[in-house]
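mind looking at a prediction? Sequence and model below.
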Amino acid sequence: MLSRNYHKADETSYVYCDFKQYAGVSTCENLTSNYYITIYGYYLLGNSTRFQYCPDVYTCHHLVERDGITESGFYEVGIPGNLSKVYCNLFMGAAVTEIWHNSTVEKQVSKCSPAGCYSHRPQYNVAMDTIVQIMDHSKQCRQYIKYRCNGSLLFESLYNGYWLSRDGEKMLYWGGASSKRSGYCACGETGKCENALKKCNCDKNGPPMTQDEGYLTDKLKLPVSEMRFGDTDDSSEFGYHTLGKLQCTGSGINNASCAPIRGHR
């Protein structure tokens, strides 16, 4: 059973609100050392009426709130003894937590014929359990994915190409297809594919070179753990894939959720 300090933030998550006023404490470090606080949530430090997130920080959004960081760069997040470095992109006022990997540069698919015969697994610079924590503590996350092709089918008929979720689930829609319908790319949803009868540009199966691209946004499936492609065995068939960094913004545990609750206690 959740303690009385946990309050429902939305339909799927709870926020920890500590309504005690911790006088004489100005930082999360002081709060942790003086009061042995171990539960991450929102606390009232000093004489402030604004809740502050302490003590464990998993996102750049919370680093801005807690430490007031103002410059983009690598910062440590997580819990003491199990810290990971993420890149905080503080562009135009937004605090974007970026998880990097070794496959952001476009790579060519090797020659092979069966569906999914080619495989590539990105290696992330942060452990998967920490990545999940980062996403859980963020409001939204996204990851860019692109397939550039010439005569190499993506979803048509045999699902030659697809991506795998963090749990290894075979995902049969492409970046930009917000409905997540199987066999759809972004152009299929807007009705603007180069071949109006297809749901992806690559499924026209011929020259000239074209591409399907967009962002994947399902926090329960991200990040991409593997990409698979096929139908590149002929001398005129080519495929090139690109996978962007995992980017997360906002707070999955909303500071504002504590304020109205406090007023009704």
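Perfect, I can see it now. This structure is a prediction, so every number in the text was calculated from the model and none was measured. Residues are numbered from 1 along each chain as shown.

which stretches in the stretch 51-200 of the chain count as helices?
In the stretch 51-200 of the chain, the helices defined using DSSP state H, counting those that start in this stretch lie at 60-67, 128-136, 186-190.

now do the first one: distance to the chain's middle.
Right, helix 60-67. When distances are taken as C-alpha atoms, centre = their mean, to the nearest Å, helix 60-67 is centred 18 Å away from the chain's centroid.

dump the helices of the stretch 51-200 of the chain into a markdown table; add mean pLDDT and mean neighbour count as well.
C-beta here means a position set from N, CA and C on the backbone, and glycine is covered the same way. Rendered in a markdown table, the data for the helices of the stretch 51-200 of the chain read as follows (pLDDT from 0 to 100; neighbours: other C-beta atoms under 10 Å):
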| stretch | mean pLDDT | mean neighbour count |
| --- | --- | --- |
| helix 60-67 | 84 | 21 |
| helix 128-136 | 90 | 18 |
| helix 186-190 | 96 | 19 |
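
of all those, which lies closest to Gly81?
Between Gly81 and the helices of the stretch 51-200 of the chain, the shortest gap by C-beta to C-beta is with helix 128-136, which sits at 12.4 Å.

hmm, who's touching stretch 77-91?
56-60, 63-64, 69-76, 95-100, 125-127, 130, 133-134, 245, 247 (C-beta atoms under 8 Å, 6 or more residues apart in numbering).

now do the same for the spatially closest residue to Cys187 that is not a sequence neighbour: its pLDDT.
Excluding its sequence neighbours, the residue lying closest to Cys187 (C-beta to C-beta, 6 or more residues apart in numbering) is Cys193, at 4.0 Å. Cys193 is assigned a pLDDT of 95 by the prediction.
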